[in-house]
Structure formats: structure tokens, C-alpha cells
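[1] sequence unavailable; structure follows:
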């Protein structure tokens, strides 16, 4: 600045003199206003270019990783309206999976009237625009919950006769999971996702399967959990071990007497147990003093539901029980 201050006016001429006057603030008001407008314009242009090339989805990702799902959703929703982000798969993934983590109340406050539909629609859009599994892998922990919601939405759409809309989405999902994800990515650490696992999403006319007898036995037996122990009892007010087994299995045609020893005489010993078989316990072989209903299938670990004197009707994993494992004698089949 000291250089300008020491330059004489006589040494400048023409445009150079006017610029120098503008810098020193000596120009006429009209010239000063033009110069100010010029500076403002340059500032605006520079600020615009400073944001050029910035990927705003990175900020959305930071918010998502920080579990600030509401902010992530709002930011992604705003980006969806911009041409640069309209067909970016991550835009829709963040919209869908942020919403997945928000409660219905918060979703409603964001102006989302149908949370499940919004989740499925956005994630499906993300899959549609995605050309690699890299975008998808970051959401591997959320896809399990997402597919559950997708199945639910399919059922709702079928009832409301909006099959076409959701059939397109479910077909897209099934195809994408089959062709892309099953080769490179696992939702769960133990098994890969494939089209067969998601076939229920596209099988529109298939009636729901009827519950098996095994399912019914387990479901009925579990309704008694918490019933107190009562010697000689066979009702929800209280029951003993053989009273429980006879009450449950007689509903399925077993015709069992109210005695663990007599029940042992009714059945046929088996090595490969299944749901509905009886498990007998005692201190010595032949000395039976307890009976339970098996609720697992061989070769899975032996699990039972029974009436115990300490807890009443309860479930137990025999393999993990230090009390029941050494007392287990054998399994017996009483149902045909």
C-alpha cells in the first residue's frame, strides 16, 4: 500500500489513473458504485466456484454414520432435487435407510405419511441406479430389515389391488439380489442372499402355507409358559410334568395317561428325535421321574418345554443345562 501512496498523480494517465483513484476511494460516486458492483459479482462467482466439484453426498454419509438419521434424510431429500444427484444410487440409499432408522412419529414430522412405502421406494430406486455392489455394501447391516418391510408392503399392495406398482419393485429387488449381490456380498455372515430366498416377493398367487403339526405343538405348548407347578395338576392354574405333556399332546391324538412312567410305556424309543416326541429323565436308567416335550429336531441340540418344580412351565436347552443333561435318558415317540 505504501507504494500506491507515494505514486504521484502526474505519473498516471487514462484508465490507470481511474483504477488508482478507485483503489484510493477518490473516484466519483457513480464510478464507486460500479466498482462495488464489480467486486460483489467477483465475490459471488468465486463463492460459486469454490463449491464446484464438491460431493455433498459425503456430508450425508457422515451424518448417517454419526446416526443423525433425521439430518441425513433431510439433506439427501434436498439433494434428490438437484440434477447432479438425481440418479446417484447413494442419494436413494440414504433416503431409504435413514427413514428405516426413524420412528413413525419422526417420519410423520418430516412430512412422510407412509413410512414403509417411502423406504421401499427409495431403496429400490437406489438399486435401479446402482451399477456396482460398492454402493450397496455400506448398507449390508440394514438390508435384512429392509426386506422384511418389502414383504409387508407386498402384502398390503396385494390387498389394495396395487399389485403392478409393487410387483415392479419386488421383481427389481429379486433380480438385483440374484444377479449382483449373491456373488459379491452377504447380508448375513453365514449365508448368501439369492433369488430363491426372495422368491416370496414375486410369487403373487401363492397361498400362505398352513402351519405344520410341529408348529402347532410348539405354539400351543408355549402358551402355558409361566404356569406354576402343582403336583397332580393339569390346568393353567397349576400342573406337574406328566400333567403338562398329556394336556398338550392329547390335543394332537396322543392319549397319554397322567404319569411319566406310564407315558414311557406308551411310546417307542427313538434316537433321531423330533418335535412332539417325549424326553424322559431320571437318575438311573429305568428310574424315570420326569418327562418333557421335545421342541427341536435331530440333529439340532435337544430343546424341551416342561413343567418343573422350581420354575413351573419353562423351556430348556438340555445340552447347555448342567442339571438336565446328565439326567437325560432317552426320547420316545407317542404321536403317529
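    All right, it came through fine. Given the structure is predicted, the values throughout are model-derived calculations rather than measurements.
[2] quick one, what contacts residue 146?
    96, 97, 100, 119, 120, 123 (Cβ atoms under 8 Å, 6 or more residues apart in numbering). In this view, the C-beta of every residue, glycine as well, is placed from N, C-alpha and C.
[3] of these, keep whichever come out buried.
    Neighbour counting with 16 or more other Cβ atoms under 10 Å marks 96, 97, 100, 119, 120, 123 as buried within these.
[4] ok, the residues you listed vs residue 264, which is closest?
    residue 100 (51.7 Å; Cβ to Cβ).
[5] that older thread, which members of the buried ones among the contacts of residue 146 are the farthest-apart pair?
    Maximum distance among the buried ones among the contacts of residue 146 (Cβ to Cβ): 11.5 Å, for 97 and 120.
[6] what's the first helix or strand after the helix or strand of the chain with the lowest mean pLDDT?
    Scoring the helices and strands of the chain by mean pLDDT, DSSP states H and E places helix 182-184 at the bottom, with a mean of 37. On the C-terminal side of helix 182-184, the nearest following helix or strand under DSSP states H and E is helix 213-222.
[7] now do the very next helix or strand once past that following helix: which elements does it pack against?
    Counting by DSSP H and E, the element after helix 213-222 in chain order, helix or strand, is strand 234-235. With contacts taken as 3 or more Cβ pairs under 8 Å, 6 or more residues apart in numbering; DSSP states H and E, strand 234-235 sits against helix 241-249.
[8] packing partners for the helix it packs on?
    helix 213-222, strand 234-235, helix 260-266, strand 287-294, strand 303-308.
[9] out of these, which is the most enclosed?
    Stretch with highest mean neighbour count among the helices and strands packed on helix 241-249: strand 303-308 (a mean of 23; mean count of other Cβ atoms under 10 Å).
[10] what does the helix or strand that that strand is followed by contact?
    Proceeding N to C from strand 303-308, the next assigned helix or strand is strand 312-317, under DSSP H and E. By Cβ under 8 Å, 6+ apart, the residues outside strand 312-317 that reach it are 222, 224-229, 238-239, 244, 292, 295, 301-308, 324.
[11] strand 312-317: which residues count as buried?
    Neighbour-count burial for strand 312-317 flags 312, 313, 314, 316 (criterion: 16+ other Cβ under 10 Å).
[12] could you dump those residues to JSON lines with pLDDT and distance to residue 63?
    Below are the buried residues of strand 312-317 laid out as JSON lines (pLDDT from 0 to 100; distance: Cβ to Cβ, whole Å):
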{"residue": "312", "pLDDT": "94", "distance to residue 63": "49"}
{"residue": "313", "pLDDT": "94", "distance to residue 63": "48"}
{"residue": "314", "pLDDT": "95", "distance to residue 63": "45"}
{"residue": "316", "pLDDT": "95", "distance to residue 63": "46"}
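[13] list just the nearest of those residues to residue 217.
    residue 313 (14.1 Å).
[14] tell me how far that closest one lies from residue 274.
    According to Cβ to Cβ, to the nearest Å, residue 313 and residue 274 sit 21 Å apart.
[15] repeat for residue 86
    55 Å.
[16] neighbour count for those two, which is higher?
    Taking neighbours as other Cβ atoms under 10 Å, residue 86 and residue 274 compare with residue 274 leading, 16 against 13.
[17] so which strand or helix has the more buried one?
    Applying DSSP H and E, one finds residue 274 in no helix or strand.
[18] give me the pLDDT for the residue nearest to it when sequence neighbours are not counted.
    Using Cβ to Cβ, 6 or more residues apart in numbering and skipping the chain neighbours, the partner closest in space to residue 274 is residue 297 (4.8 Å). Looking at residue 297, its pLDDT stands at 92.
[19] helix/strand/coil for residue 297?
    For residue 297, the assignment made with DSSP: H, G, I helix; E, B strand; the rest coil gives coil.
[20] what's the neighbour count on it?
    When neighbours are counted by other Cβ under 10 Å, residue 297 registers 15.
[21] is it correct that it is in contact with residue 277?
    No. Between residue 297 and residue 277 there is no contact under Cβ atoms under 8 Å: 9.4 Å.
[22] low pLDDT regions in the protein?
    1-32, 35, 37-38, 42-54, 131-133, 154-155, 157-211, 284-286 (pLDDT under 70).
[23] can you list the domains in it?
    2-50, 57-201, 213-333 (automatic domain parsing).
[24] burial measure for the closest residue to residue 110 other than its chain neighbours, as a count.
    Distance criterion Cβ to Cβ, 6+ apart; nearest residue to residue 110, sequence neighbours excluded, is residue 73 at 6.5 Å. Counted by other Cβ under 10 Å, the residues lying close to residue 73 total 28.
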